[in-house]
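> output the structure for:
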Amino acid sequence: CSCTSACCGLCVGMSSNLERVNEKGEGGIRPFFGIDRPYTEEICNELRARMEGRGDTAQRKQQTFLMEQITKLTAQVPLILAKRGVAWPPSQMTTGKLFPSNPPKVKTFAELYSPAEEPTFDTQSWNVMCCCEHLNCVSRTVELGPDEVTIRTVRGLDRATITERRPYAQIDDVQKNKGCGCCVNMTAGDLLPEPLSNGTGCDDATITQIVDELKRRIDIRGNIGQMKKLEQIMAKVDDLRVLMTVLQEEMGIDTSYPPSQTVMTSLYGQHHQLPGIRPHAVTSQHFETKEYDVTNLCASACCCFTQKDTIVLEADKQISKSVNCIGDSVNSMPYAQISSVDESRCCFCLRSVNGMMPGCGCSGPLVTEVAQEFQQRKTGRGDIAQLKNQENTMLNALELSVRTGTVLKKAGVPYPPSQATMTEDYGPAFKLPSNNDGYLGEEKHVGPSQQHGEKDYVVTNYCESFCICLCTLGLAGWQSVDLHLGEEEVTMKHWNFCGANQMRMP
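Here you go, the predicted structure:
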């Protein structure tokens, strides 16, 4: 979400995924007569705060928060084992007894405590504009911040300003294009749908620097980074589960899971039915790099057979390369951004996948192989794999919680502890959840994720509503536009006498 201005700052609007402002400054949300800057900025700031508190940035911070807490536990639990004189690593006989069906890989204490260093980014900015844009009094700044990219464009004598902000996780792809000798430009999904070049169009150094830095931040802050962090969290939780199971064995506690209903009642004071253990045997997968030549011979003939298209399937992303006598382009996209794998056949033998038709169009085996690789990687490294990882991690954490409860009960440690104990150990303001809080994820989010409450705004543009009423000879009546900011999603509703339209977006 970002605010835009025109007419020397008099007119103001708001651009977001609900309604975007185009390069000419048209569109967007413009409440009332489009000149109420304080009201528009209030809505824009409120939306931005919710995006940061409940969106991709909050999700990344929440994963970092969770990782820090789990890493701390992997240092604390071994101290308990060492204090009780428990041998570690456990013997093969102990491991075989506790985990008969699927014995885990036992790590040393040094391997267990391996805090991951969170990469940090400083803010970098570039002034990027084509020489022709100088004639139209256009200036543009591309700024790469720690969590999002900001593109600010000022154009015309009235200094109309358009500011676009986008978290790195929401950028689909970044593409660098070359053509006509030295001409070079870049695009970045719907953030930069039109090619962006600098100077005379031949400033390869600046464009390459922006593209490389943007790709690096997308890999770490975007879907690829979130997937890797989720895998680390899953591994840490499983390590803690193994540690707690060994501690149960040493204390003479029944290590079977799920425990008996008697144990569950003694821990939680009521009847609880635990879900199945880790429903997904295979979650995220790791793949080798593969490269395919998907050049279409008919298209290559139009470029004097200099056209060559290749796709490189790396471990976490797809890279598409296209080269011909005029220029070349490189496009990268994480597998999580691939919405579908579309394999089609027409005219008996013509085969294609996601718009690519290799060879003369009848390369059926190659198309099938590429489609299968796409599907496997989309499932094994995309949103489906993230969901499976989260489900397994949630159930591993639940098992860890139950096992920890049996250890505390056996050791005679009350939970939650008394307020005096809490004040002595953690300070007066610290409050732990009760024994039942968090069962199957019922508690409120702890940490970076924020609650903002619900708010409503009227964002009707009076000029637009008057034109609609006039053009329909009064049949449509007055069009009203309402914006509702909920805890989890934003709702925008257009309605008049003829009908209503409602849009919801997280």
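
> the closest residue to residue 284 other than its chain neighbours: which element?
Among residues not flanking residue 284 along the chain, residue 385 sits closest, at 4.0 Å (Cβ to Cβ, 6 or more residues apart in numbering). Just so you know, the C-beta spots here come from the backbone N, C-alpha and C atoms, and that holds for glycine as well. Element membership of residue 385 [criterion: DSSP states H and E] is helix 383-411.

> residues of the next helix or strand after that helix that come out buried?
Note on helix 383-411: by DSSP H and E, the next helix or strand toward the C-terminus is helix 419-426. By neighbour count with 16 or more other Cβ atoms under 10 Å, helix 419-426 contains the buried residues residue 422.

> counting contacts, what elements does helix 419-426 pack onto?
Of the remaining helices and strands, none touches helix 419-426 by 3 or more Cβ pairs under 8 Å, 6 or more residues apart in numbering; DSSP states H and E.

> what's the offset of it from the middle of its chain?
38 Å (Cα atoms, centre = their mean, to the nearest Å).

> so how far is stretch 63-74 off the chain centroid?
Stretch 63-74 sits 19 Å away from the centroid of its parent chain (Cα atoms, centre = their mean).

> going along the chain, name the helices of the protein.
With DSSP state H, the ranges of helices along the chain come out as 37-54, 56-83, 92-98, 109-112, 131-135, 204-221, 223-250, 261-268, 297-302, 364-381, 383-411, 419-426, 462-471.

> any idea which of these is most buried?
Sort those by mean neighbour count, taking mean count of other Cβ atoms under 10 Å, and helix 223-250 sits at the top with a mean of 20.

> please work out the angle formed by the directions of that one and helix 204-221.
Calculated by axes from the mean of the first three to the mean of the last three Cα atoms, to 10 degrees, helix 223-250 forms an angle of 30 degrees with helix 204-221.

> nearest to residue 328, out of the helices of the chain?
Nearest to residue 328, of all the helices of the chain, is helix 204-221, at 11.9 Å by Cβ to Cβ.

> give the rounded mean pLDDT of that closest one.
For helix 204-221, mean pLDDT is 88.

> and if you look at stretch 166-180?
pLDDT averaged over stretch 166-180 gives 81.

> next: stretch 406-426.
Mean predicted confidence for stretch 406-426 is 76.

> using PDB, write out every CA atom in it.
What follows is stretch 406-426, C-alpha atoms only, in PDB (Å, rounded to 0.1, in the frame of the first residue of the first chain):
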ATOM      1  CA  THR A 406       5.200 -35.900  31.900                       C
ATOM      2  CA  VAL A 407       8.800 -35.100  32.900                       C
ATOM      3  CA  LEU A 408       7.700 -32.100  35.000                       C
ATOM      4  CA  LYS A 409       5.000 -34.200  36.700                       C
ATOM      5  CA  LYS A 410       7.500 -37.000  37.500                       C
ATOM      6  CA  ALA A 411      10.000 -34.400  38.800                       C
ATOM      7  CA  GLY A 412       7.400 -32.800  41.000                       C
ATOM      8  CA  VAL A 413       7.700 -29.400  39.300                       C
ATOM      9  CA  PRO A 414       4.400 -27.500  39.300                       C
ATOM     10  CA  TYR A 415       3.400 -25.800  36.100                       C
ATOM     11  CA  PRO A 416       2.700 -23.000  35.800                       C
ATOM     12  CA  PRO A 417       5.000 -22.100  38.600                       C
ATOM     13  CA  SER A 418       4.000 -19.700  41.400                       C
ATOM     14  CA  GLN A 419       4.100 -16.000  40.800                       C
ATOM     15  CA  ALA A 420       6.900 -15.700  43.300                       C
ATOM     16  CA  THR A 421       9.000 -18.200  41.300                       C
ATOM     17  CA  MET A 422       8.300 -16.400  38.100                       C
ATOM     18  CA  THR A 423       9.200 -13.000  39.600                       C
ATOM     19  CA  GLU A 424      12.500 -14.400  40.900                       C
ATOM     20  CA  ASP A 425      13.500 -16.100  37.700                       C
ATOM     21  CA  TYR A 426      12.000 -13.900  34.900                       C
END
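
> count of residues packed around residue 293?
12 (other Cβ atoms under 10 Å).

> which helices and strands sit right next to the helix holding residue 385?
helix 223-250, helix 261-268.

> can you redo those helices as JSON lines with distance to residue 122?
Shown next, in JSON lines, are the helices and strands packed on helix 383-411 (distance: least, Cβ to Cβ, whole Å):
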{"stretch": "helix 223-250", "distance to residue 122": "17"}
{"stretch": "helix 261-268", "distance to residue 122": "48"}
